[in-house]
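[1] Attaching a predicted model along with its sequence, questions to come.
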Amino acid sequence: MTPSPGPRFRSLSLALVFLMIAASGEAQTPGIKITVLEGQGAINNIQQHRAKEPVVQVIEDQKPVQGASVTFTLPDDGPSGFFGNGARMMTIQTDEKGQAVGRGLRPNQTGGRLQIRVTASFHGQTASAVISQINAEPAGATSGGNGKKFLILALIGGAAAGGIAAAMGGRSSSASQSPASSSPPGTILSPGAPVIQPPH
């Protein structure tokens, strides 16, 4: 006859069974997840107030979740922006594809890395994600602006230098020539402010 297992062996076997059940239950615990579909790594044009709208999908067990509540949140300061409702926060429900869009996103005038926080909730379950973008001014616009400023300053400086040279040249030529030889008949030039006097 085969001896029956003792009480200690049976208790160990039951403990192992419970541990296996618990482990399998944890592995199969349902939970929602956020997948970023669009907007990650986008570069927003702060000069034209254009940005890439973030698009996410909420899934559970590899299936889209309809009716989940998704909140997009922008920073209060630094590189940030506004959504179409004029606020830095937007909460919407996912559609039949489990997708939600942060519509009307516009960047502010501060350049740098913009981080959009995304949270989703559905039947007591929550998930979160971060979408990183960059607020930037186009390189062409920046260099063009500096080039224009430089050109304007150069023109102003050249005009001022030309005016000084003309004034210096005018003084030296008027000192070497007599007023009668350099002025038309009936006109007298006197030093100081240019004034045309009638003939005496």
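    That came in fine, so what should we check first? All of these numbers come straight from a predicted model, not from anything done at the bench. Numbering: from 1, shown residues only.
[2] what ranges do the strands span in the chain?
    In the chain, the strands defined using DSSP state E lie at 32-38, 43-45, 55-60, 63-64, 69-73, 81-82, 89-93, 99-101, 106-107, 112-122, 125-136.
[3] Partner strands of the fourth one, with direction?
    Same thing as strand 63-64. Applying DSSP bridges, strand 63-64 is found paired with strand 55-60 (antiparallel).
[4] Check the longest one too.
    Strand 125-136 has its sheet partners listed here by DSSP bridges as strand 43-45 (parallel), strand 112-122 (antiparallel).
[5] Let's have the strands of the chain in CSV, adding mean neighbour count and mean pLDDT.
    C-betas here are computed from N, CA, C, even on glycine. Listed next are the strands of the chain as CSV, based on neighbours: other Cβ atoms under 10 Å; pLDDT from 0 to 100:
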stretch, mean neighbour count, mean pLDDT
strand 32-38, 17, 97
strand 43-45, 18, 96
strand 55-60, 22, 98
strand 63-64, 12, 96
strand 69-73, 20, 98
strand 81-82, 20, 96
strand 89-93, 15, 97
strand 99-101, 22, 98
strand 106-107, 22, 97
strand 112-122, 18, 97
strand 125-136, 17, 97
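[6] on that earlier part again, reformat the strands paired with strand 125-136 as a markdown table; add distance to Pro64.
    Below are those laid out as a markdown table (distance: least, Cβ to Cβ, whole Å):
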| stretch | distance to Pro64 |
| --- | --- |
| strand 43-45 | 28 |
| strand 112-122 | 11 |
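[7] Could you list the low-confidence segments of the chain?
    Along the chain, segments meeting pLDDT under 70 span 1-30, 140-200.
[8] if we go to 50?
    Residues of the chain meeting the criterion pLDDT under 50: 17-18, 21-29, 142-190, 192-197, 200.
[9] quick one: which of the strands paired with strand 125-136 is nearest Ser132?
    Across those, Ser132 has its closest neighbour in strand 112-122 (5.5 Å, Cβ to Cβ).
[10] Might you report the residue contacts of the spatially closest residue to Ser128 that is not a sequence neighbour?
    Distances taken as Cβ to Cβ, 6 or more residues apart in numbering put Thr119 closest to Ser128, at 4.9 Å, once the chain neighbours are dropped. By Cβ atoms under 8 Å, 6 or more residues apart in numbering, the contact list for Thr119 reads 70-71, 73, 126-128.
[11] hey, where'd the helices end up in this structure?
    Ranges of helices in the chain, per DSSP state H, are 7-27, 139-176, 179-182.
[12] on that earlier part again, let me know the distance separating the residue nearest to Ser128 from Ser69.
    Separation of Thr119 from Ser69 (Cβ to Cβ, to the nearest Å): 9 Å.
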